[in-house]
Structures are given as structure tokens and as C-alpha cells.
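K.L.:
Quick one: sequence plus predicted model below, questions after.
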Amino acid sequence: MDYLRRLQAESPVLFIVLLFVGIFVAFQLLLFVAELVLGPFGLPGWAPLLLVLIALIVVARRQQNSR
């Protein structure tokens, strides 16, 4: 964690690029897992995306309410 704070202070552009790449890879991994889970049910192609977005909204609301 200290490494990330130091990277943010010393090289903010690299930090932002790494942050965006990490978020993108994590989102793609979540979509892949959702497709694996929902695949056998024969749902439309947008269903895994909807499932991931709903899960992210639920997590965000729970974090907001816990403050």
C-alpha cells in the first residue's frame, strides 16, 4: 500500500494508467465469471453485464450506508 501512495506522489500519470488498467481487468474478470455462471441458462448476451452492474451498485450502496 505504501508503494502505491509513493507511486501516486512521484508519478501520478503512471498511477492513473495502472489504476485504469486494474479496474478494466477486474471488470473483464467479473464479466467472464458472470458469463460462466449465466451461460447455461440461455439468457441474452447483456444479462452478465446487467448482473455485474447491479452487484456493483449494491456494493456501493452498502458502503455508503455503513458510514
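P.N.:
Thanks, I have it. Numbers count the residues shown, from 1 in each chain.
K.L.:
alpha carbons only for contacts and neighbour counts from here, please
P.N.:
OK.
K.L.:
quick check: longest helix of this protein.
P.N.:
helix 12-38 (DSSP state H).
K.L.:
buried sites along that helix?
P.N.:
Within helix 12-38, the residues that count as buried by 16 or more other CA atoms under 10 Å are Phe15, Leu30, Leu31, Ala34, Glu35, Leu38.
K.L.:
and the next element down the chain from that helix?
P.N.:
The element immediately downstream of helix 12-38 (helix or strand, assigned by DSSP states H and E) is helix 47-65.
K.L.:
quick one: average confidence on that following helix?
P.N.:
For helix 47-65, mean pLDDT rounds to 90.
K.L.:
returning to what we had before: determine the set of other helices and strands touching the longest helix of the chain.
P.N.:
Counting contacts by 3 or more CA pairs under 8 Å, 6 or more residues apart in numbering; DSSP states H and E, helix 12-38 is packed against helix 2-10, helix 47-65.
K.L.:
ok and it relative to helix 2-10, angle-wise?
P.N.:
130 degrees (axes from the mean of the first three to the mean of the last three CA atoms, to 10 degrees).
K.L.:
okay, the residue of the chain positioned farthest from its centre: pLDDT?
P.N.:
The C-alpha centroid of the chain is most remote from Glu10, which lies 25.4 Å away (CA atoms, centre = their mean). Per-residue pLDDT puts Glu10 at 90.
K.L.:
just the one 5 residues further on next, same as before
P.N.:
According to the model's per-residue confidence, Phe15 sits at a pLDDT of 90.
K.L.:
Pull the number of nearby residues for the nearest residue to it once chain neighbours are set aside.
P.N.:
Leaving aside its chain neighbours, Phe15 sits nearest to Gln8 (5.4 Å; criterion: CA to CA, 6 or more residues apart in numbering). Neighbour count for Gln8, taken as other CA atoms under 10 Å: 14.
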